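Enquirer: generate a structure from the sequence data that follows.
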Amino acid sequence: MTLTAFPGERFSGHVSAILPEATADSRTLTARIELPNRGGRLRPGMYGQAAFGGGATPALLVPSEAVIRTGRRTLVMLAEAGGRYRPAEIQVGRESGDRTEVLAGLSEGERVVASGQFLLDSEASLSGLQARPAATGSPPSSPRPSLYETTGRIERLEASGVTLSHQPVPALQWPAMTMGFTLADPKLAQGLKVGDQVRFAFDEVGSTHTVRRIEKIGAGQ
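Expert: Numbering: from 1, shown residues only. Predicted coordinates:
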């Protein structure tokens, strides 16, 4: 992350935490950013412009208008030889601008219909067509995210997420803090309650932190 606080002067740092509570009226989140303050140039009450960046990872992208969401599945229409079309079921990831990431179901070089798909945009009109399953495609593979382990206390427990006051995570240069995590599977929270001391492992993909393992530990551990 780069912060421009003065003309021609930039400060490089990182986001150390994203607080779990959103402001109701503006629907914004509060983030904690750590920056080296060279010569004490940064002072309380000043404004700056932040720019975020990160390591690029390979991804297979299609125009967002080509993606058909029926409510039961997500499809694209493949353009085949002879003017023929065939639905293919896909798994989608992130969206940015007018592009959608395809996690499974397509291969690089395949052609999809990016206009006129509104004529087919319903489960009824597609029910008689056999869609290619999502496991067929082979998008570029990306390395599995690393798992980070630490201990903490459960502050809030929801169906798909948990808020934890956790100990430092040296691998991410995180101090001890309270933040929200997504649960990879709601079943991970079975048997847990607010106030429990837990040991957990999570991964980090972009700004999403997902708990993959969590277990209650004794008060003395």
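
Enquirer: run through the bridge partners of residue 161.
Expert: When bridges are called by DSSP bridges, residue 161 pairs up with residue 182.

Enquirer: wait, it touches residue 181, no?
Expert: Yes. Judged on Cβ atoms under 8 Å, residue 161 makes contact with residue 181 at a distance of 6.4 Å. Where C-beta positions appear, they are placed from N, C-alpha and C, glycine not excepted.

Enquirer: of those two, which one has the most company?
Expert: Between residue 161 and residue 181, counting by other Cβ atoms under 10 Å, residue 181 is the more crowded of the two (20 against 17).

Enquirer: which residues sit in contact with the more buried one?
Expert: Listed by Cβ atoms under 8 Å, 6 or more residues apart in numbering, the contact set of residue 181 reads 161-164, 200, 202, 209-211.

Enquirer: among the residues you listed, which two are most distant?
Expert: The span of the contacts of residue 181, defined through Cβ to Cβ, is set by 163 and 210 at 14.0 Å.

Enquirer: so the two - more neighbours on which side?
Expert: Taking other Cβ under 10 Å, residue 163 and residue 210 do not tie; residue 163 has more neighbours (20 against 17).

Enquirer: for that one, which non-adjacent residue is closest in space?
Expert: The spatially closest residue to residue 163, leaving aside those adjacent along the chain, is residue 156, at 3.8 Å (Cβ to Cβ, 6 or more residues apart in numbering).

Enquirer: same thing with residue 86?
Expert: Here the residue nearest residue 86, using Cβ to Cβ, 6+ apart, is residue 78, at 4.8 Å.

Enquirer: same question, residue 111
Expert: residue 79 (4.2 Å).

Enquirer: so for the helix or strand hosting the one you found, what gets flagged as buried?
Expert: Using DSSP states H and E, the element containing residue 79 is strand 74-80. Residues 74-78 are the ones in strand 74-80 that count as buried (16 or more other Cβ atoms under 10 Å).

Enquirer: next, the angle strand 74-80 makes with the helix or strand following that strand.
Expert: Downstream of strand 74-80, the first helix or strand assigned by DSSP H and E is strand 84-89. Calculated by axes from the mean of the first three to the mean of the last three Cα atoms, to 10 degrees, strand 84-89 forms an angle of 150 degrees with strand 74-80.

Enquirer: give me the outermost residue of the chain relative to its centroid.
Expert: In the chain, the residue that sits farthest from the middle, by Cα atoms, centre = their mean, is residue 82; the gap is 39.0 Å.

Enquirer: show me what the helix or strand that contains residue 199 is packed up against.
Expert: Residue 199 belongs to strand 197-205 when assigned by DSSP H and E. Contacts defined by 3 or more Cβ pairs under 8 Å, 6 or more residues apart in numbering; DSSP states H and E place strand 197-205 against strand 147-157, strand 161-166, strand 208-216.
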